[in-house]
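A.B. asks: Sequence first, predicted model second:
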Amino acid sequence: MAQFSWYYISCKNILSATNLLLIRQRLSIVQPNFSFIFKSIPQTLLLNIPSAGEFYSHYLLNQKTMKTKFLMAALLAASIGIMGLSSCKKDAIDKPLEQSIVGKWNFTSFKLDSSEYLGTIIDSAFIEYKAISNGKGQFTQLVAFANEEPDLMSGEYTVNATTKSVIMTTETKTITSTVNIKDGKMDWVSTQDGKPLLVKAEKK
């Protein structure tokens, strides 16, 4: 009983010394010196104390509001993260080969029978594929040699999406290659003069 009386007197002194309107205006800032009183006194007793009960009710409402705002902010952040992840997954889906192959590709490696030619025999090279129309597209390939005239080749090409193969046809020959494209990089596997050819290229 003595302990309860001390709590009651403390609450009355605090509330009489502080303007209740000012307390209400500053409910967003919970004074830490009130916290130990609220934690020590049972809620049923606090709510029965005139003025203190009213202030404590506002205190509880403010705490609930702050928790609700925090939860809403966390849910919003999580939603944005999920949307961003979903967008990334959509971007990561590979386009069909007949679409992803379109563009200009600069060779970064030209290995014939496991020997690297780019940077030694070949100075630079590129191949450009135009968009396919009615099942066919145009291509142009230029290989610049170190000590020879450049080799220019052009013609038509078709794509077999099932086998991931590209068939390039000129006036004199047909070249069939297996092509794999990912993240703007292309691996181009074929044969030349009966020898395995591996070309790596990056889209310009």
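C.D. replies: Structure received. Residues are numbered from 1 along each chain as shown.

A.B. asks: now whichever strand or helix holds Glu202: mean pLDDT?
C.D. replies: The secondary structure element spanning Glu202 is strand 195-203 (assigned by DSSP states H and E). In this model, strand 195-203 carries a mean pLDDT of 97.

A.B. asks: That strand pairs with which strands?
C.D. replies: Strand 195-203 has its sheet partners listed here by DSSP bridges as strand 103-112 (antiparallel), strand 185-192 (antiparallel).

A.B. asks: Contacts for the first one, please.
C.D. replies: Taking CB atoms under 8 Å, 6 or more residues apart in numbering as the criterion, the residues outside strand 103-112 that touch it are 116-118, 122, 124-129, 186, 192, 195-204. Backbone N, C-alpha and C define where each C-beta goes, glycine included.

A.B. asks: ok, now with 7 Å
C.D. replies: 116-118, 122, 125-129, 186, 192, 195, 197-204 (CB atoms under 7 Å, 6 or more residues apart in numbering).

A.B. asks: ok, and for it, which residues are buried?
C.D. replies: Burial within strand 103-112, assessed by neighbour count using 16 or more other CB atoms under 10 Å, is assigned to 105, 107, 110, 112.

A.B. asks: Out of those, which comes closest to Asn160?
C.D. replies: Out of the buried residues of strand 103-112, the one with the shortest distance to Asn160 is Trp105. That distance is 18.7 Å, counting by CB to CB.

A.B. asks: Output the buried residues of strand 103-112 in a markdown table; the columns should cover pLDDT and distance to Gln141.
C.D. replies: Formatted as a markdown table, the entries for the buried residues of strand 103-112 read as follows, by pLDDT from 0 to 100; distance: CB to CB, whole Å:
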| residue | pLDDT | distance to Gln141 |
| --- | --- | --- |
| Trp105 | 98 | 9 |
| Phe107 | 98 | 9 |
| Phe110 | 98 | 11 |
| Leu112 | 97 | 15 |
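
A.B. asks: Just give me the closest of the residues you listed to Gly137.
C.D. replies: Set against Gly137, the nearest of the buried residues of strand 103-112 by CB to CB is Trp105 (13.6 Å).

A.B. asks: From Asn180, how far off is that closest one?
C.D. replies: Here the criterion is CB to CB, to the nearest Å. By it, Trp105 lies 13 Å from Asn180.

A.B. asks: ok, which stretches of the chain are strands?
C.D. replies: Using DSSP state E, the strands assigned to the chain run over residues 103-112, 115-116, 122-129, 137-145, 151-160, 165-169, 174-182, 185-192, 195-203.

A.B. asks: what about those strands, which gets the closest to Pro96?
C.D. replies: strand 151-160 (8.2 Å).
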